[in-house]
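Colleague: got a sequence here, can you build the structure:
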Amino acid sequence: MPHTRFLDKLTNSLADGTFVRLILSGKEKTFGRLIELKGAPYLSLTFRHATNDITQNLPLHEAIAWVKQQLASGVRSALLCTTKRDWQLTPQGLVGHKPTTTIAPPRTHDLPKQTRLDDSARDWLNGLGLLRPSMADKRRQIHRYLEILSHLAADCGWGDRADPTFFHNNNKTSGRHPALTLADMGCGKGYLTFGAWHLFHRVRHWPVRIIGVETRPELVAMTNNLARQIGAEGLEFVAGDIRSVVLPPLDALIALHACDTATDDAIRRGIELGAKLIVLAPCCHKQLRPQLSPPEPLAAVLKHGIMAERMAEWVTDGLRALHLETAGYRTKLFEFVASEHTPKNLMIAAIRTEKPGSQETLERFRQFFGIQHHALD
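Modeller: The predicted structure follows:
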């Protein structure tokens, strides 16, 4: 049985010191590394969620029993990396690969604190004026954004370079890994575009094509010039509108703070271009508010302008999530920065699953609030 063989490989690698890491893929991703606590070996398991990680340390016998239970109860796939060979468990069976590393990682409990904006990011941070003390809050926001983007990439299954389907859309030329192709719509000065490129190209060492889309030609010229200055291979900026700019098939589309229905344009483009991941931070919610006809007892509360405004935001973003789910995406809605930095802090993250949601649910939602037309119709 493939599960039994995989478990044997795990047990042996933990015993003989060849263990490197473990990844289990189910509803959420779980990452395992071997550590020492008070002189005894433990498997440290990190359960990755959209906005935070939870870690649990188990003695080896308990860890093996836990993994066995997970393999029997719904884990879709698993990857065991050792210094001798990597083992990938899929529904089709157990497959061996060349080891990604032949050196076992340190077994210390506390790893050095990692930052995605280390010294290697100084060139573009300085070029964008982000190293000034007054820009400290902006740097923290960028780091938080990259932390979330890193987690979402893991949720998409992007991380095992041994897998020939690592990225599903692009550039499958002989002898080369396909490149992650990501478009940042309405990118402005390119803070987050450079950040995404830095995360995937410099930190992850993935082949990438990152495209920043911006309507203002002077900003496009400035960001392209900086990209050339620092030798940012795979990073480019183009002038264009979200609705009509010519783009290749995408793995990911990002649109942060696109105003009003520009967010809906970004959703439509992401779906049309086959994006596995769509990440949005909506800004302004003007289209639906004049249409809202809330039934009793909501009408008595929504006569107050501020309540009607907040309800319009809630309904608009809820409707966007339902549209994405109907198109075959799994959605998550959460706050991505503290409200004191910006009140527009809701993020919608959507990962394509090919399992369409209920059109009936979407229609009932529209009828309840009296919505006659919407940009995503």
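Colleague: which residues of this protein fall in strands?
Modeller: In the chain, the strands defined using DSSP state E lie at 19-25, 29-37, 40-48, 53-59, 77-82, 86-90, 93-97, 180-185, 208-214, 235-239, 252-259, 277-283, 329-335, 346-352.
Colleague: same list (these) but as CSV, adding mean pLDDT.
Modeller: As requested, these are exported to CSV (pLDDT from 0 to 100):
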stretch, mean pLDDT
strand 19-25, 91
strand 29-37, 89
strand 40-48, 89
strand 53-59, 88
strand 77-82, 91
strand 86-90, 91
strand 93-97, 90
strand 180-185, 96
strand 208-214, 97
strand 235-239, 98
strand 252-259, 89
strand 277-283, 91
strand 329-335, 92
strand 346-352, 94
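Colleague: and these, which is most packed in?
Modeller: For these, ranked by mean neighbour count under the definition mean count of other Cβ atoms under 10 Å, the leader is strand 180-185 at a mean of 26. (Each C-beta comes from the backbone N, C-alpha and C, glycine too.)
Colleague: pLDDT at the closest residue to residue 138 other than its chain neighbours, what is it?
Modeller: Spatial nearest neighbour of residue 138, chain neighbours left out: residue 130 (6.1 Å); criterion: Cβ to Cβ, 6 or more residues apart in numbering. Residue 130 is assigned a pLDDT of 94 by the prediction.
Colleague: can you show me the helices along the stretch 251-377 of the chain?
Modeller: Shown for the stretch 251-377 of the chain, the helices assigned by DSSP state H, counting those that start in this stretch span residues 262-272, 299-302, 305-326, 359-369.
Colleague: among these, which comes closest to residue 249?
Modeller: Distances from residue 249 to each of the helices of the stretch 251-377 of the chain were compared by Cβ to Cβ, and the smallest falls on helix 262-272, at 9.6 Å.
Colleague: please point out which parts of that closest one sit buried.
Modeller: Of the residues in helix 262-272, 262-271 count as buried by neighbour count, 16 or more other Cβ atoms under 10 Å.
Colleague: now for those residues, which pair is the farthest apart?
Modeller: In terms of Cβ to Cβ, those reach their longest pairwise distance at 262 and 271, which sit 15.2 Å apart.
Colleague: report the outermost residue of the chain with respect to its centre.
Modeller: What lies farthest from the middle of the chain is residue 300; by Cα atoms, centre = their mean that is 39.8 Å.
Colleague: domain assignment for the chain?
Modeller: Per the record, the chain has its domains at 2-97, 119-369, by automatic domain parsing.
Colleague: just send these back as JSON lines, with distance to residue 107 too.
Modeller: Conversion of the domains of the chain to JSON lines gives the following (distance: least, Cβ to Cβ, whole Å):
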{"stretch": "domain 2-97", "distance to residue 107": "5"}
{"stretch": "domain 119-369", "distance to residue 107": "22"}
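Colleague: so for residue 108, which of the ones you listed sits nearest?
Modeller: domain 2-97 (6.8 Å).
Colleague: so what's the gap between the closest one and the chain middle?
Modeller: 22 Å (Cα atoms, centre = their mean, to the nearest Å).
Colleague: stretch 357-368 too?
Modeller: For stretch 357-368, the distance from its own C-alpha centre to the chain's C-alpha centre is 27 Å (Cα atoms, centre = their mean).
Colleague: same check on stretch 199-213?
Modeller: Centroid separation between stretch 199-213 and its chain, computed with Cα atoms, centre = their mean, is 13 Å.
Colleague: between the two ends of it, how far is it?
Modeller: Start to finish, the residues bounding stretch 199-213 are 19 Å apart (Cα to Cα, to the nearest Å).
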